[in-house]
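pasting the structure only:
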């Protein structure tokens with residue numbers, strides 16, 4: 001048996017769902033220990049939740065809750081220690097309890113780095129940053145497997161891991177395929193599905209769409225620290241629709257009905273240079289171009305295959321882009337995106353799970 005650890009409720013969590021789907025398809029037993037910060041979910045026979053209320057993106061305000069969550073993980077991991085042999089720790093938030101169980105009970109550890117911790121927080125060059133990097137070096141050296149989401153992210157790692165796998169944030173849709181945008185509106189339909197965090201262009205797109213009600217329509221789905229701003233904008237503007245937090249498949253449906261997907265990653269956050277967003281691959285799969293940030297790795301990949309657009313980080317640059325882009329350009333970039341999906345990524349997830357992930361679990 002394998003235990004998966006995640007410091008969110010995992011509903012939705014497209015990357016976590018890939019592993020769960022693979023385990024269920026292979027009839028491989030598993031448990032999940034997650035943090036339900038809004039108190040929305042009940043425990044099941046496979047998923048157990050830590051119930052401490054907390055906000056996403058609250059920084060040091062979540063420290064007490066995080067310590068409590070780690071204690072919850074240690075207790076659960078100890079309680080079920082005779083039932084599992086592998087711990088799959090998602091991100092730095094969950095790896096310490098996994099390492100404790102490895103040290104005392106010889107459990108195998110998969111350390112899955114969704115986001116490199118010190119670059120995804122505004123830590124600067126502080127003592128705290130260097131202390132965390134010291135801990136990370138231990139994590140990487142002693143984890144049995146380390147997983148990152150892009151080849152380029154090797155540059156972030158402070159030491160060479162014992163064994164490294166690459167799993168991009170590719171949708172796991174099997175043989176499913178999606179047509180190009182079904183939008184028939186004269187407006188440009190923009191979608192954003194994901195975490196409502198700062199430095200993602202959310203404030204700018206809300207302002208732009210609200211200022212041009214006849215030109216643009218915006219569909220927003222997700223959760224996070226900017227959720228009150230998104231809700232307020234939707235209440236004030238008829239061309240902004242807030243769908244709340246939705247299932248992954250519903251999020252894909254929202255994006256498939258748009259003309260362009262917002263995937264901005266402002267470089268004020270160092271980790272954003274290495275951004276490996278689900279939206280890049282979802283755009284390819286859906287045949288919808290993305291709008292991302294110039295000077296990031298995702299921007300470089302988008303430009304290389306003309307599967308979307310990249311712009312600068314100011315409101316003015318966003319406004320100029322939307323004023324100048326044509327429906328013909330959007331459709332052409334969407335066609336390029338779908339061709340890239342079919343030629344390179346469609347079978348990637350199944351191959352990864354069947355050739356690496358599941359064999360490792362069965363061997364241990």
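That came through, no problem. Keep in mind that this is a model prediction, so the values were computed, not measured.

right, and the helix or strand after the helix-or-strand element of the chain with minimal mean pLDDT?
The weakest-scoring helix or strand in the chain, judged by mean pLDDT, DSSP states H and E, is helix 117-120 (a mean of 72). Proceeding N to C from helix 117-120, the next assigned helix or strand is helix 127-142, under DSSP states H and E.

residue 22 and residue 359 touch, don't they?
No - when contacts are counted by Cβ atoms under 8 Å, residue 22 is not listed as touching residue 359 (11.4 Å). Any C-beta I mention is one placed from the backbone N, CA and C, and that applies to glycine too.

okay, helices next: where are they in the stretch 51-200 of the chain?
63-79, 92-105, 117-120, 127-142 (DSSP state H, counting those that start in this stretch).

those: which one's closest to residue 336?
helix 117-120 (29.8 Å; Cβ to Cβ).

who's in contact with residue 18?
167, 172, 349, 353 (Cβ atoms under 8 Å, 6 or more residues apart in numbering).

give me the number of residues near residue 203?
With neighbours defined by other Cβ atoms under 10 Å, the count for residue 203 comes to 15.

who touches whichever strand or helix holds it?
Element membership of residue 203 [criterion: DSSP H and E] is helix 202-211. In this structure, residues lying in contact with helix 202-211 by Cβ under 8 Å, 6+ apart are 190, 192, 196, 216-218, 226, 229-230, 233, 236-237, 239-240, 262, 264, 315, 318-319, 322.

of those, keep whichever come out buried.
Applying 16 or more other Cβ atoms under 10 Å to the contacts of helix 202-211, the neighbour count classes 190, 192, 196, 216-218, 226, 230, 233, 237, 239-240, 262, 264, 318-319, 322 as buried.

picking up where we left off before, can you tell me which of the contacts of residue 18 is nearest residue 363?
Nearest to residue 363 among those, with distances taken as Cβ to Cβ, is residue 353, at 14.6 Å.

look up how far residue 129 lies from that closest one.
Using Cβ to Cβ, to the nearest Å, residue 353 is found at 34 Å from residue 129.

please apply the same query to residue 116.
The value you get for residue 116 to residue 129, if Cβ to Cβ is used, is 11 Å.

those two: who's more crowded?
residue 116 (21 against 15).

how close does the more buried one sit to residue 150?
11 Å.

what do these two both touch?
With Cβ under 8 Å, 6+ apart as the test, residue 116 and residue 150 both reach residue 274.

what's residue 28 sitting at in phi/psi?
In terms of degrees, to the nearest 10, the main-chain angles of residue 28 are phi -100, psi 120.

which intervals of the stretch 201-350 of the chain have sub-threshold pLDDT?
Within the stretch 201-350 of the chain, no range satisfies pLDDT under 70.

JSON lines please, covering the helices of the stretch 51-200 of the chain and showing distance to residue 269.
Formatted as JSON lines, the helices of the stretch 51-200 of the chain follow (distance: least, Cβ to Cβ, whole Å):
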{"stretch": "helix 63-79", "distance to residue 269": "20"}
{"stretch": "helix 92-105", "distance to residue 269": "16"}
{"stretch": "helix 117-120", "distance to residue 269": "7"}
{"stretch": "helix 127-142", "distance to residue 269": "14"}
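
out of those, the one nearest residue 300 is which?
helix 117-120 (17.6 Å).

how far away from the center of its chain is that closest one?
14 Å (Cα atoms, centre = their mean, to the nearest Å).

what does it rub up against?
Identification of contacts with helix 117-120 by Cβ under 8 Å, 6+ apart yields 91-92, 129, 132-133, 136, 156, 269-271, 274.

buried among the residues you listed? Need that as a selection in PyMOL.
Buried subset of the contacts of helix 117-120, written as a PyMOL selection, criterion 16+ other Cβ under 10 Å:
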select buried, resi 91+92+132+136+156+269+270+271+274
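
just give me the closest of the contacts of helix 117-120 to residue 53.
For those, the nearest to residue 53 is residue 91 (20.3 Å; Cβ to Cβ).

give me the pLDDT for the closest one.
Residue 91 carries a pLDDT score of 92 in this model.

and for residue 44?
95.

check the one 4 residues further on too.
Looking at residue 48, its pLDDT is 97.

helix or strand for it, which one?
Going by DSSP H and E, residue 48 is part of strand 47-50.

what strands line up against that strand, and which way round?
Its sheet considered, strand 47-50 pairs with strand 30-35 (parallel) by DSSP bridges.
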